[in-house]
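S.K.: Sequence and predicted structure are below.
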Amino acid sequence: MRVAVCQLNSRDDRAHNLSVARSLLERAAAGGAELAVLPEYVDFLGRADDAPRPEAVDGEFAAFFAAAARELGIWVHAGSFHETGPDESRTFNTTLLFGPDGSLAATYRKIHLYDVEIAGRVSYQESRTVAPGDQIVVTEVKGVPIGLSTCYDLRFPELYRQLAIAGAKILVVPAAFMLHTGRDHWEVLLRARAIENQCFVLAADQIGDHEPGRSCFGRSMIIDPWGTVLAQAPDTVGVVIADLDLGRLQTIREELPSLANRRL
């Protein structure tokens, strides 16, 4: 399977963000990708007061990427967007996956929310404005089981083990991973999730500065089940593509049967 991860610098201009996302999907399709992955909050990263109104899963955001998938004839993982939440004060951080015919194949709502309080340094409570999802999601792309996750989920290995137990062979991680943590943790965590679950990992990250005062790390990458980085994006907006050898995945699982040997 040929796959692509798309790296964006989404800001507070939704129309521009979507236009760039579409152009990257076109580049992925032109490169032969059968599945293209976009980053977290692909349509808007800016001040909360300027954010677009939350939408249902059949709103304008979904229609835009359903059309892209259908017109390009590829699977499109549309990163994530602000879905209408359970109450007026909270949204869901939601992933949509579209098939080449434009149909909605899967929906995942981010489970783990970033809440941190460090006296005198930082105060951020994602749970004040975002409601957590409560279901793991494994779906199929071209008959291959794929496990869905989003950004901060990456720090919770138990989620990825559940995805692997449920049959996932590919793990997808759209993100807006912060620059100061990304330098030390992004690649380490992604490779660890690949190695311990013997899965391919497709990680699409935001890159560069965003309002208000936020910088994302980038370095979007594709990793094989041995932990080898097959492709990594440079520090700019763009697309990287790699071929996934599913036979190699099977060989790794047979010759180092850690999943089969687990006792918990």
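M.R.: Thanks, I have the structure now. Numbers count the residues shown, from 1 in each chain.

S.K.: Check the offset of stretch 150-169 from the chain's centre.
M.R.: Relative to its chain's centre, stretch 150-169 lies at 12 Å (Cα atoms, centre = their mean, to the nearest Å).

S.K.: Quick check: bridge partners of Asp243?
M.R.: Per DSSP bridges, the residues bridged to Asp243 are Arg2.

S.K.: pretty sure Trp186 is in a helix, no?
M.R.: Yes. Trp186: assigned to a helix according to DSSP: H, G, I helix; E, B strand; the rest coil.

S.K.: from what I can see it touches Phe177, true?
M.R.: Yes. Counting by Cβ atoms under 8 Å, Phe177 is a contact partner of Trp186 at 5.4 Å. In this view, the C-beta of every residue, glycine as well, is placed from N, C-alpha and C.

S.K.: Identify the contacts common to the two.
M.R.: By the contact definition Cβ atoms under 8 Å, 6 or more residues apart in numbering, Trp186 and Phe177 are jointly contacted by 205, 217.

S.K.: per-residue confidence averaged over the helix or strand containing Ala105?
M.R.: Per DSSP states H and E: Ala105 is located in strand 104-109. The average pLDDT within strand 104-109 is 98.

S.K.: Any chance you could list what contacts it?
M.R.: By Cβ under 8 Å, 6+ apart, the residues outside strand 104-109 that reach it are 57-58, 62, 66, 75, 83, 92-99, 131-135, 137, 139, 141, 148-150.

S.K.: Just the buried residues from those, in PyMOL please.
M.R.: Applying 16 or more other Cβ atoms under 10 Å to those, the buried members can be selected in PyMOL as follows:
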select buried, resi 62+66+75+83+92+93+94+95+96+97+98+99+131+133+137+139+141+148+149+150
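
S.K.: quick one: low-confidence parts of the chain?
M.R.: 121-122 (pLDDT under 70).

S.K.: Noted, bye for now.
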